[in-house]
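[1] Build me a model:
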Amino acid sequence: MAAPERLDRLDALRGVAIVWMAVFHFCFDLNYFGFIRQNFYTDPTWTLQRICIVSLFLFCAGLSLAVALHQGQTWPRFWRRWAQIAGCALLVSAGSALMFPRSWISFGILHGIALMLVVARLLAPLKGWLWMAGAVAIALPHFVQHGFFDTRWTNWVGLVTRKPVTEDYAPLLPWLGVVLWGLAAGRWMLAHRRQWLAGALPGALAPLAVLGRWSLSFYMLHQPALIGALWLVVMLRR
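    I've put the predicted structure just below:
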């Protein structure tokens, strides 16, 4: 079977998200080690950036799912990729528990993507109604909250009355809505504006496309590399 066609513009967009995320994490690490003093939990400069980065990642996940379905991805192939994401999510939980034992990541961006991709694939037959379903998913947490969802075992749903104490949190609601919008947008583009995803890239942007193809590997490796480098700098300064 021939390898699925790569869509360079989609890969480059995912590359933009991964670079933006890496810069954000580098600033967070600088703050953690005391090189800068910023509040990443309440300062809009950082909280709004996080919302934009997560939105871009999840929108790209929806676009990628649209492409995979268009290319005839089977459920077994889907589950193989899903297992990689879910496995990496477990590693993130374990690593964060070592570094942040009081605020470890129980349901961060990779956990969210793993669950949202399954739900989005099941909802894919809605076709044009995906836009409405996405809007409902985004709006629902603004109108429905309950203390039942405030525990680590239930906050993955997103209908919390208060944000949990954790270093990363990307619950099913409202973020599923962004994935569904990405899926709907991807289907529309593939039918009417395929060049938006598959058009040629300027040579200067080619590295972004390469990076976008290896986004999961980059995601898993960049923080250990950044933290290790900054820790070494701290040790050498003593």
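[2] just checking, what's the longest helix in this protein?
    Scanning the chain for the longest helix, with DSSP state H as the assignment, gives helix 44-70.
[3] Mind listing what's buried along that helix?
    46, 49-50, 53-70 (16 or more other CB atoms under 10 Å). For the C-beta atoms, the positions are set from N, CA and C on the backbone; glycine is no exception.
[4] again with stretch 225-238
    Applying a neighbour-count criterion of 16+ other CB under 10 Å, the buried positions in stretch 225-238 are 226, 227, 230.
[5] ok now it, how far from the chain's centre?
    Its chain's C-alpha centre lies 27 Å from the corresponding centre of stretch 225-238 when counted by CA atoms, centre = their mean, to the nearest Å.
[6] hey, which helix or strand in this protein has the poorest pLDDT?
    In the chain, no helix or strand scores lower on mean pLDDT, DSSP states H and E than helix 195-198, which sits at a mean of 89.
[7] that older thread, quick one: which of the buried residues of stretch 225-238 sit in helices?
    Of the buried residues of stretch 225-238, the ones assigned to helices by DSSP H are 226, 227, 230.
[8] Grab the nearest non-local neighbour of the second one.
    Spelled out, that is residue 227. residue 29 (5.7 Å; CB to CB, 6 or more residues apart in numbering).
[9] tell me the angle whichever helix or strand residue 23 is part of makes with helix 44-70.
    Secondary structure from DSSP states H and E places residue 23 in helix 8-32. Calculated by axes from the mean of the first three to the mean of the last three CA atoms, to 10 degrees, helix 8-32 forms an angle of 150 degrees with helix 44-70.
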